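> Take this sequence and fold it.
(2 chains)
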Amino acid sequence: MLSKIQTPLQAALLIFEGWFDRPLGPDWNPLRHLGALSFFFFWVVVVSGIYVYIFFETSVGSAYNSIERMTIDHWYISGVMRSFHRYASDAMVVVVLLHMFREFIMDRYRGIRWFTWVSGIPTIWLLYASGIGGYWLVWDEFAQYLIIASSEWLDWLGIFGEPLANNFLTREAFTDRMFSLLLFLHIAIPLFLLIASWIHVIKISRPRINPPKGMAIGTISMMTVLSLIKPAISDAPADLSIVPQDLNLDWFYALLYPLYDKWGAGALWIITVGVSSFLTILPWLPPQKINDSAQVDNLNCNGCSRCYTDCPFDAVTMQPRTDGRPYPRIAEVDPDICTACGICIGACPTATPFRSQDMLVTGIDLPRFRLTELRDNTDKSLAQLKEKIPGDKPRIIVYGCDFGIDVKQIDAPNVVVTKLPCIGMLPPSFVDYILMRDKADGVMLTGCREGDCFHRFGIQWTEQRMAGERDPYLRKRVPVERVHTCWGAVTDSKKLHEEIAEFEASLIAQQPLEIVLPEKPRKPVADRPAENPTREAAE
Amino acid sequence: MSRVFDILGQGLAYLLFALFVGYFANSPSYSPFEKDQALVRLSISYPGQRIAACRKLSVKEMRKKTHNMRRAFDCPRERHAVRIEVLMDGKPFYDEIVAPSGLANDGKSLFYENFSVPAGDHMLTARLYDNGADGKAGFSGEKNVQLTPGKVAIVGFDHRDHKIMFR
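Okay, here's the model as predicted:
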């Protein structure tokens, strides 16, 4: 049911993102950094808020005038900082909501991601409470409207001894003591927001909480220009003896208030709590089907910790060894948070197709898609390629994942396809194996769009491994010009065909490979020496 | 040349975002209230009278209690619900009975309502019944208020002078 909504939205989003990719590139595309931008705007709000607080007078009678002084008399710095405070808060709402919608549309909220999704919901409540609480302090007509409506909305719960709204009946009823409490709330709630944001990312390995430097500079520049051209201003001062009219609403924070005016407090509680509850249970409507988690083969794991380093969800931990083998540690997979992406297998030094056993046994493997199956699939695909004939198009094998560019649409006699859960599952030795045994002329690695890997680090680790920057490295004997990468979404079929054509042309222009390793017969499983020999036995 | 287009595209992307944020940060304007109307806000928190008066305990009854629980009087906590009736220009437009707050029904009855009324001169009358809904009005008050458009009139209870107040 939900997938029927997600699929067209996903296609639209990918096209929209593609437009941003052209001028900004994947690194600076804000739609790929919405979470990091949320943190960035939070810090802008904090810094500008501290500055504004220095000049802010914390009493009912003088708060408004102190803000007016900042805005008018010191427009060039205090006014700009005030505008930063407002616009960064607004921008934070925009990027947080976009972030939520994007994760939903891209189906990145279920399975092990449920915790991050669910913990994001109170974060949104706290964000709104922080922003609305900030508007109260300006004590203009908009503040008056917000604070009375907010109090009446809370009073509907009937949990307060006296209606909160009684504090704002008259000017005399609204005391400086109450105003100080509001100020305290505006400091305390953002602190809770920070804690909630920390909890939100706590289960993510290497969360991106800072945008790229260029994007940060661009964003600050944009906000500076906006603050100078259209500075944040106040409405008329609050007057509790009248009802404010013609309000300049901040629609990012006050969107629900007109609904309150129209439908009342009860309806608004039903909407807000209903939507929050629905979002909370969304990861289980229906739950994501995840293949069996990765499993460690005790006898083949030497505790090198590469899988631990590369796991994008911190599902692998290194534990003290108890099986008597001569390595201090052993990898352990937490099945509850493993997505079965296979990136750990791509990192495992034992995961090499050169091994002579018929049945590859690696230090860590996926029970539902073992490395041996990937090697078999690779061999089957390569077998479809015709023998190399001079003048023919170069033979290419394309590896594609389940979430990125759609490789199934490739239909050419010289190009074969092998699929795997994530491109990060492919050990660099496979490229070595294919090229150095002259099984193909080129290897093309595909996956999701850059910076947008479904399994977070599949693209990044693959690129680093191929470039010799990350262990396990692609061996130096492998000519990297015969390896091509193509990152794109399911909607980027045109790009895939263009890149294949470009790769073919580049392969045609290259000299034949000088080193070609002979093919070796494999040993059937039964002929294997003592299964997983210990180091002593091997010596 | 493509670099120039990239830079222009980047500028356009930031511009669009700035326009979006800058515009909706305080536009379009919103009127929560019709311009020819005024507001009457009823806000009264008042405890109804106790349902039963305190009763002096007999010596026998007191002896049944432990030392620390002995008191001369037994005072039931429950209170009556409070009824408030508001009339404008002699016509009733609010009449509600509100139960006491608190788990033991011993708290105040809380009234808070907003009424949008046509601007102009109005005679407001309020009556508060605190001794059971059918009892005689415990308090009543009346005032002629001049409500200009957008003006707020408050009907409350002055706990110091113990009377219904109009502001």
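
> Show the contacting residues for the residue nearest to A:Gln409 when sequence neighbours are not counted.
In space, A:Gln409 comes closest to A:Ser493 once its chain neighbours are excluded; the distance is 5.7 Å by Cβ to Cβ, 6 or more residues apart in numbering or on different chains. Glycine gets a C-beta too; all of them are placed from N, C-alpha and C. By Cβ atoms under 8 Å, 6 or more residues apart in numbering or on different chains, the residues touching A:Ser493 are A:405-406, A:409.

> Can you give me the end-to-end span of stretch A:26-41?
20 Å (Cα to Cα, to the nearest Å).

> so B:Phe166 bridges to which residues?
B:Val155 (DSSP bridges).

> gap between the residue lying closest to A:Pro335 once chain neighbours are set aside and chain B?
Take A:Pro335 and drop its neighbours on the chain: the residue closest to it by Cβ to Cβ, 6+ apart is A:Ser293, 3.9 Å away. The gap separating A:Ser293 from chain B is 40 Å, by Cβ to the nearest Cβ, to the nearest Å.

> For the chain, which segments count as strands?
Assuming you mean chain A. Assigned by DSSP state E, the strands in chain A fall at A:295-296, A:316-320, A:329-333, A:364-365, A:396-400, A:415-419, A:442-447, A:483-487.

> right idea, wrong chain: chain B
Going by DSSP E, chain B shows strands at B:37-46, B:55-56, B:73-74, B:82-88, B:91-98, B:109-118, B:120-129, B:139-147, B:152-158, B:163-166.

> With mean pLDDT added, can I get those strands in JSON lines?
What follows is the strands of chain B, written out as JSON lines (pLDDT from 0 to 100):
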{"stretch": "strand B:37-46", "mean pLDDT": "93"}
{"stretch": "strand B:55-56", "mean pLDDT": "91"}
{"stretch": "strand B:73-74", "mean pLDDT": "88"}
{"stretch": "strand B:82-88", "mean pLDDT": "93"}
{"stretch": "strand B:91-98", "mean pLDDT": "91"}
{"stretch": "strand B:109-118", "mean pLDDT": "92"}
{"stretch": "strand B:120-129", "mean pLDDT": "93"}
{"stretch": "strand B:139-147", "mean pLDDT": "91"}
{"stretch": "strand B:152-158", "mean pLDDT": "93"}
{"stretch": "strand B:163-166", "mean pLDDT": "91"}
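
> Quick check: which of the strands of chain A is nearest to chain B?
Nearest to chain B, of all the strands of chain A, is strand A:483-487, at 18.5 Å by Cβ to the nearest Cβ.

> neighbouring contacts of that closest one?
Contacts of strand A:483-487 (Cβ under 8 Å, 6+ apart): A:26, A:404-405, A:431, A:435, A:442-450, A:459, A:462-463, A:466, A:474, A:495-496, A:499-500, A:502-503, A:506.

> if I look at A:Leu226, how far off is chain B?
For A:Leu226, the distance to chain B (Cβ to the nearest Cβ) stands at 5 Å.

> Pretty sure that residue sits against B:Tyr23.
No. When contacts are counted by Cβ atoms under 8 Å, A:Leu226 is not listed as touching B:Tyr23 (10.4 Å).

> So these two - more neighbours on which side?
Just comparing A:Leu226 and B:Tyr23: by other Cβ atoms under 10 Å in any protein chain shown the higher neighbour count belongs to A:Leu226, 24 against 12.

> Give the closest residue to the more buried one in space, chain neighbours not counted.
That would be B:Ala18: by Cβ to Cβ, 6+ apart, it lies 4.6 Å from A:Leu226.

> Report the contact partners of the one you found.
Going by Cβ under 8 Å, 6+ apart, B:Ala18 touches A:222-223, A:225-226.

> Can you name the residue of chain B nearest chain A?
B:Gly9 (2.4 Å).

> So chain B: which segments form each domain?
B:1-30, B:32-51+B:79-166 (automatic domain parsing).

> export these to JSON lines and tack on distance to A:Pro394?
Below are the domains of chain B laid out as JSON lines (distance: least, Cβ to Cβ, whole Å):
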{"stretch": "domain B:1-30", "distance to A:Pro394": "29"}
{"stretch": "domain B:32-51+B:79-166", "distance to A:Pro394": "70"}
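
> Could you give the number of residues near the residue of chain A found nearest chain B?
Proximity of chain A to chain B (Cβ to the nearest Cβ) peaks at A:Pro23, 2.4 Å away. Using other Cβ under 10 Å, A:Pro23 has 18 other residues around it.

> Relative to B:Ser2, how far out is the nearest residue to it once chain neighbours are set aside?
Of all residues not flanking A:Pro23 in the chain, B:Gly9 sits nearest, at 2.4 Å (Cβ to Cβ, 6+ apart). Distance of B:Gly9 to B:Ser2, computed by Cβ to Cβ, to the nearest Å: 10 Å.

> which of these two has more neighbours?
Counted by other Cβ under 10 Å, B:Gly9 and B:Ser2 do not tie: B:Gly9 has more neighbours, with 16 against 9.

> got a list of what the more buried one touches?
So B:Gly9 contacts A:22-24 (Cβ under 8 Å, 6+ apart).

> Restricted to helices, list those.
A:22-24 (DSSP state H).

> Relative to A:Met215, which of those residues is nearest.
A:Leu24 (8.3 Å; Cβ to Cβ).

> Quick check, pLDDT for the closest one.
Predicted confidence (pLDDT) for A:Leu24: 85.

> Can you give me the neighbour number for it?
Close neighbours of A:Leu24, defined as other Cβ under 10 Å, add up to 22.

> Kindly report the same for A:Asp21.
Quick note: A:Asp21 (other Cβ under 10 Å) scores 23 neighbours.

> Let me see the contact set for the nearest residue to it once chain neighbours are set aside.
Using Cβ to Cβ, 6+ apart and skipping residues adjacent in sequence, the residue nearest A:Asp21 is A:Asn29, 5.5 Å away. Contact analysis of A:Asn29 by Cβ under 8 Å, 6+ apart lists A:17, A:20-21, A:451.

> What's the separation between A:Asn29 and A:Leu97?
For A:Asn29 relative to A:Leu97 (Cβ to Cβ), the value is 18 Å.
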